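Q: make a model of this:
(4 chains)
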Protein chains: 2
Amino acid sequence: MNEQLSPNASERMKLDNQICFAFYVCSKEIIKKYRPLLTPLGLTYTGYITMLALWEEDNIPVKTLGDKLYLDSGTLTPLLKKLESQGFLKRSRSDIDERQVIVSLTEEGRELQEKAAAIPGHLIDSFEMDTEQALRMIDTLRFMMDKAPC
Amino acid sequence: MNEQLSPNASERMKLDNQICFAFYVCSKEIIKKYRPLLTPLGLTYTGYITMLALWEEDNIPVKTLGDKLYLDSGTLTPLLKKLESQGFLKRSRSDIDERQVIVSLTEEGRELQEKAAAIPGHLIDSFEMDTEQALRMIDTLRFMMDKAPC
DNA sequence: CTCCATTTAATTGTTTACGATTTAATGAAA
DNA sequence: TTTCATTAAATCGTAAACAATTAAATGGAG
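A: Purely as a prediction, here's the structure:
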């Protein structure tokens, strides 16, 4: 039995597990560091990245936003409703294509960007990572994100 | 205003955001790749890493397990109850210290390890990453995990 | 024009995760 | 020995996230 497995298959599996687990933990721990900075603004981490995306580009359909954030409507719809109830954005059916719901910032949502800019979230510092290291890390991460089935 | 921010503070913040978001996405996408392999075994990803930890070391209190997995009792208790109901493990109060609940594998739980060994989860392959690259990645990730406030 | 496949959001149900609190047990200090 | 701080697990409430399904709108093939 197990003859069909290549000799270092179990070794690679161990690597897989380690990499996956390490990603999983790092992701959670980083988000945990953001939390105390975001809560005063009334944002969760998911709300924060949603606002980041909107500050970059406004008046986009839910689908486009989901593609940017790697999230589907099942996650976005309730989140956007909440952000809307907080007054940060507006959801409105597109006139051109009534299947689409267009997300646009309110004045309050735009103002939030300035407050968010003050978030001293220097993760790289807190992880004692130098910029060089951080840049290389991002390269590898982006590479992996591209390979992911989006 | 913003005079108190160092000149490249906003640049670092951008890096922070990118790194954090990339971790968040990669973690989710990797776990998504595991899902179809784990579901047939009756495991979720969190259940899987729990079993991985137990296959390494058995008969440990919930707290110790939580330290290894970076999870607290709020997450572990319901998960362990489910794994227990599936027959993979047993939960029992320690005789020495009755605050502790000891988690131990059942025969079925041990048998599951063999089935799990057949999981062809070669993430590294699917991400077209060479072993060298993977090892360097793990080093950086471990470094970050150590810095995390566990 | 009609029919049908596709697309977009929304909805439903389940799992995950954390913070905060609660309860019980332990151990140390007075 | 009594009291109190600490620790362990459980519980509660809330937010996240995905899979699967549904409903409505669109656009293309015939």
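
Q: residues near residue A:55, how many?
A: 15 (other C-beta atoms under 10 Å in any protein chain shown). Heads up, the C-betas are built off the backbone N, CA and C, glycines and all.

Q: list the contacts of it.
A: Residue A:55 makes contact with A:105, A:110, A:113, according to C-beta atoms under 8 Å, 6 or more residues apart in numbering or on different chains.

Q: does it sit in a helix, a strand or a coil?
A: helix (DSSP: H, G, I helix; E, B strand; the rest coil).

Q: in the longest helix along chain A, what's buried?
A: What stands out as the longest helix in chain A, according to DSSP state H, is helix A:9-38. Buried residues in helix A:9-38, defined by neighbour count with 16 or more other C-beta atoms under 10 Å in any protein chain shown: A:12-13, A:15-27, A:29-31, A:33-34, A:37-38.

Q: one more: stretch A:44-51?
A: Buried residues in stretch A:44-51, defined by neighbour count with 16+ other C-beta under 10 Å: A:44-51.

Q: stretch A:64-78 now?
A: Buried residues in stretch A:64-78, defined by neighbour count with 16+ other C-beta under 10 Å: A:65-66, A:68-71, A:76.

Q: from the chain's centroid, how far away is it?
A: 10 Å (C-alpha atoms, centre = their mean, to the nearest Å).

Q: contacts for that stretch, please.
A: With contacts defined as C-beta under 8 Å, 6+ apart, stretch A:64-78 is touched by A:46, A:49-50, A:53-54, A:62-63, A:79, A:103, A:145, A:148, A:150, B:25, B:28-29.

Q: which of those residues come close to DNA strand C?
A: Contacts with DNA strand C within the contacts of stretch A:64-78, as defined by C-beta under 7 Å from any atom of the strand: A:62-63.

Q: looking at the contacts of stretch A:64-78, which is nearest residue B:93?
A: Distance to residue B:93, by C-beta to C-beta, is smallest for residue B:28 among the contacts of stretch A:64-78, at 36.1 Å.

Q: quick one: the spatially closest residue to the closest one that is not a sequence neighbour from residue B:22, how far?
A: Nearest residue to residue B:28, sequence neighbours excluded (C-beta to C-beta, 6 or more residues apart in numbering or on different chains): residue A:70, at 6.7 Å. From residue A:70 over to residue B:22 the distance is 10 Å, taken as C-beta to C-beta, to the nearest Å.

Q: shared neighbours, those two?
A: Counting by C-beta under 8 Å, 6+ apart, the common neighbours of residue A:70 and residue B:22 are residue A:145.

Q: element containing the closest residue to residue A:21 other than its chain neighbours?
A: The spatially closest residue to residue A:21, leaving aside those adjacent along the chain, is residue B:49, at 5.8 Å (C-beta to C-beta, 6+ apart). Per DSSP states H and E: residue B:49 is located in helix B:45-56.
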